[in-house]
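*Asks:* Got a predicted model here, sequence first, then my questions.
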Amino acid sequence: MKLSKIVDVCHLEKIVFGTDCEISNGYCGDLMSDVMANARTNSIWITIQAHKNSIAVAIIKDIKAIVFTNNVPVSQEMIDKAEEEEIAIFITGKDSFTVSGEIYSLMEDKTAKD
């Protein structure tokens, strides 16, 4: 599914958005070692961990986008690193459970796929 469709339907605020890549998986988690062990390629990652190490994990796992929930603040340093590494980042006031459910439902809805 195209990242732009997820962003639009889930009303995510764009912080860094480069290419409209294809998202085929999702992962929700705040423990970096768990994400590194279990997230799949071409994922969108839902977390509250808004710091530069999140970008490093995304690079290692080839995660295409990160959604920061609960309106956690995102530093300029992190924005700069995300732009440099072409990792899309978004923010929302919703909690991780809600956003994960929305994205899961959207991706599982066969009629909504592009």
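*Replies:* Perfect, I can see it now. Residues are numbered from 1 along each chain as shown.

*Asks:* can you give me the strands for the protein?
*Replies:* 13-16, 25-28, 43-47, 65-68, 88-91 (DSSP state E).

*Asks:* Most tightly packed of those strands?
*Replies:* When neighbours are counted by mean count of other Cβ atoms under 10 Å, the highest per-stretch mean among the strands of the chain falls to strand 65-68, a mean of 26. Backbone N, C-alpha and C define where each C-beta goes, glycine included.

*Asks:* That one pairs with which strands?
*Replies:* Using DSSP bridges, the neighbouring strands of strand 65-68 in the sheet come out as strand 43-47 (parallel), strand 88-91 (parallel).

*Asks:* Now do it: everything it contacts.
*Replies:* When contacts are taken as Cβ atoms under 8 Å, 6 or more residues apart in numbering, the neighbours of strand 65-68 outside the stretch itself are 3, 6, 10, 12, 21, 23, 43-50, 54-55, 58, 74, 82, 87-92, 99, 103.

*Asks:* gap between the longest helix seen in the chain and the chain center?
*Replies:* In the chain, ranked by residue count with DSSP state H as the criterion, the top helix is helix 96-108. On the basis of Cα atoms, centre = their mean, to the nearest Å, the separation between the geometric centre of helix 96-108 and that of its chain is 12 Å.
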